[in-house]
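Engineer: coords please:
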Amino acid sequence: MTTEALTETLPRLAGWGFDCAELPLESPDDWNPAAVGKVLDATGVAPAAVVAVMSDGRNLVRADPITARTTQDYLRRCVDAAHAVGAPVVAGPVYAPVGRTWRMDRNARTAAYEEWRANIAPVVAYATRAGIRIAVEPLNRYETSLLNTVTQTLDALEGLPEDAIGIALDTYHQNIEEHSLPQAVRAAAGRIAHVQVCANDRGAPGADHLDWPGFLSALRAAEYRGALCIESFTAHNDAIAVAASVWRPLARSQDALATDGLGFLRRTLAAD
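Structural biologist: This next block holds a predicted model:
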């Protein structure tokens, strides 16, 4: 994601009727916050979140001091970008690289959560001063062994300030790890900082078997007032396809995935 890509994409999203967009920041200099802020203002698309990309080498758990410091520095740069464009949240699996898994007994898990809390705390303090909330995303079992469920994430968040750091729900991961989507929302109520939505196969919301009315009703009951961001990936980009295990098209086109998902969400919310 670059300044040029956002300059081309954001007007299209506005034309389709999207209210907001996530802004991934894989490397701190990928896009220019001042330039992107002008495009956001011109299109009326709100910045829902800056999304942190936890690639190899970014780690706050079982990490040596240098790795922990460089990861903290990267997350601070995400906070800076969010502050510059007016995004309220920095979201993502801000604990370990996506795809990193290891076995833990109860004691090892407790120690891992303690280490993560100690390493994320300076970032949380920095974000608080900037008026940004951190949203921690649990991932499915194939992408991490640290935080898979809402319950685990709440355990890891214990003792960290609720107004400064919360949970990022993602229907793709919750469909794999939770007993039900509404139950996961109810468990996270009061701590939901960001929500990503897609079909069970990462396609368009609604083109699947998920309990969307129950999920959206649970979000309303939890008094969540933030964005619903459609997160999907393309099979046409080699790096993304391999990282997200997207081996086939998920809709008749990426544009159709976006617009069909938006239409479904608006209709379902209106009927609730």
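Engineer: from here on, contacts and neighbour counts on C-alpha atoms
Structural biologist: OK.
Engineer: which residues does residue 128 contact?
Structural biologist: Contacts here follow CA atoms under 8 Å, 6 or more residues apart in numbering; on that basis residue 128 touches residue 164.
Engineer: Phi first, then psi, for residue 195.
Structural biologist: phi -140, psi 130 (degrees, to the nearest 10).
Engineer: Nearest residue to it in space, please, no chain neighbours.
Structural biologist: residue 169 (4.8 Å; CA to CA, 6 or more residues apart in numbering).
Engineer: Confirm for me that that neighbour is in contact with residue 191.
Structural biologist: No: the criterion here is CA atoms under 8 Å, and residue 169 misses it with residue 191 at 10.2 Å.
Engineer: Among these two, which residue is more densely surrounded?
Structural biologist: Using other CA atoms under 10 Å, the more surrounded residue of residue 169 and residue 191 is residue 169, with 28 against 20.
Engineer: quick one: contacts for the more buried one?
Structural biologist: Each residue near residue 169 by CA under 8 Å, 6+ apart is listed here: 137-138, 185, 192, 194-196.
Engineer: re the thing from before, assign the residue nearest to residue 195 to helix, strand or coil.
Structural biologist: Under DSSP: H, G, I helix; E, B strand; the rest coil, residue 169 falls in the strand class.
Engineer: quick revisit: would you list the contacts of residue 169 in JSON lines and tack on distance to residue 265 and secondary structure?
Structural biologist: Putting the contacts of residue 169 into JSON lines (distance: CA to CA, whole Å; DSSP: H, G, I helix; E, B strand; the rest coil) gives the following:
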{"residue": "137", "distance to residue 265": "21", "secondary structure": "coil"}
{"residue": "138", "distance to residue 265": "23", "secondary structure": "coil"}
{"residue": "185", "distance to residue 265": "17", "secondary structure": "helix"}
{"residue": "192", "distance to residue 265": "19", "secondary structure": "strand"}
{"residue": "194", "distance to residue 265": "16", "secondary structure": "strand"}
{"residue": "195", "distance to residue 265": "13", "secondary structure": "strand"}
{"residue": "196", "distance to residue 265": "12", "secondary structure": "strand"}
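Engineer: Where in this structure is the helix or strand with the lowest mean pLDDT?
Structural biologist: helix 238-244 (a mean of 69; mean pLDDT, DSSP states H and E).
Engineer: ok, now how distant is residue 152 from residue 188?
Structural biologist: 11 Å (CA to CA, to the nearest Å).
Engineer: Comparing those two, which shows the higher neighbour count?
Structural biologist: Legend: neighbour count by other CA under 10 Å for residue 152 and residue 188, higher for residue 188 (22 against 14).
Engineer: those strands in the stretch 1-150 of the chain, which residues are they?
Structural biologist: In the stretch 1-150 of the chain, the strands defined using DSSP state E, counting those that start in this stretch lie at 20-25, 46-52, 89-92, 133-136.
Engineer: Single out the most deeply packed of those strands.
Structural biologist: Each of the strands of the stretch 1-150 of the chain was scored by mean neighbour count; the highest is strand 89-92, a mean of 30, by mean count of other CA atoms under 10 Å.
Engineer: Packing partners of that strand?
Structural biologist: strand 46-52, helix 65-85, strand 133-136, strand 192-197 (3 or more CA pairs under 8 Å, 6 or more residues apart in numbering; DSSP states H and E).
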